[in-house]
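*Asks:* have a look at this prediction, sequence included:
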Amino acid sequence: MVKQSSLNHVEKEFFMKEAIKEAKLAKEKAEVPIGAIVVLEGKIIGRGHNIRENSQLATSHAELIAITKACQKVGSWRLENAQLFATLEPCPMCSGAIQQARIEEVYFGAWDKKAGACGSLVDLLHDQRFNHWCYVEGDVLETECRTLLTDFFRAIRLRQKEEKRVRASLTNEN
Ligand SMILES: [Zn+2]
C-alpha cells in the first residue's frame, strides 16, 4: 500500500522551518544541530532538539524528545494522523519510536548516509513486515538542513586544528 502526503509544498516548508529553529537551539548549546517537531491537524504538538552532550543520554535525540512531548500533550502514546519533521534523516532508534507512536507521515531535510534508517542504510518506515509504515519524504529544505550540519562540523575541525597548532607552538617553546 502506498501512502500519500496530506500536506502541500508551502506547509512542508513552513513546518521544516520550525524544525530548523529547533536545530539552531541545539547549536546554541554546542550540540550537533538537529531539530524535530510533531504536527497534528496543522498544529505543532511537540518540539525537540538534540541535547545528547548536555544530557549525556543516548536517547536524547530531537525526534524522541518531540515525540515524548507530543504524547504528553495529547495524553496518548498514539500519534495517528500526525506528521513528524526532522532536519536530519531519523536513525533506527527514532524510526522505531515513529513506528511505535503510529506517526503517519515523516519529512526530513538532509540524508544521513552513515546512520539513516529512512532509506540510507535501511528503510524501516517502508518495511511492510512491520504492522505500521509511513509516508516518508526527504529533501525538504535539504540545503538549509545540511548546511547547518556541515558548518557545525567545519567549525569543530577548525577549532581542533587551532588547538593543535597552539599545543605544538607551546611544545616548541619548551
Ligand atoms: Zn535518532
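*Replies:* Thanks, I have it.
*Asks:* buried residues in the longest helix belonging to the chain?
*Replies:* When the chain is scanned for its longest helix (criterion: DSSP state H), the result is helix 142-173. For helix 142-173, the neighbour count (16 or more other CB atoms under 10 Å) marks 144-146, 148-149, 152 as buried. No exception for glycine: its C-beta is placed from N, CA and C like everyone else's.
*Asks:* nearest to Lys3, of those residues?
*Replies:* Cys145 (22.5 Å; CB to CB).
*Asks:* list the residues that contact that closest one.
*Replies:* Residues in contact with Cys145 (CB atoms under 8 Å, 6 or more residues apart in numbering) are 16, 20, 23, 87-88, 108-110.
*Asks:* which SS state does Val136 fall under?
*Replies:* strand (DSSP: H, G, I helix; E, B strand; the rest coil).
*Asks:* show me what it is bridged to.
*Replies:* For Val136, the beta-bridge partners are Val106 (DSSP bridges).
*Asks:* can we start the residue count at 41 from this point?
*Replies:* Shifting the count to begin at 41 puts that one at Val176.
*Asks:* pretty sure it contacts Ser160?
*Replies:* No - the pair Val176 / Ser160 is not scored as a contact, 11.5 Å apart, by CB atoms under 8 Å.
*Asks:* these two: which is more packed in?
*Replies:* Per other CB atoms under 10 Å, whichever of Val176 and Ser160 has more neighbours is Val176, with 22 against 15.
*Asks:* all helices for this protein, in order.
*Replies:* Using DSSP H, helices in the chain cover 49-68, 92-95, 102-114, 132-140, 182-213.
*Asks:* which stretch among those comes nearest the ion?
*Replies:* Nearest of those to the ion, taken as CB to the ion: helix 132-140 at 3.3 Å.
*Asks:* got the angle between the closest one and helix 102-114?
*Replies:* With axes from the mean of the first three to the mean of the last three CA atoms, to 10 degrees as the basis, helix 132-140 and helix 102-114 are set at 30 degrees to each other.
*Asks:* can you list the neighbours in contact with helix 132-140?
*Replies:* 99, 101, 103-104, 107, 117, 124, 126, 130, 146, 155, 157-158, 162, 164-165, 170, 172-174.
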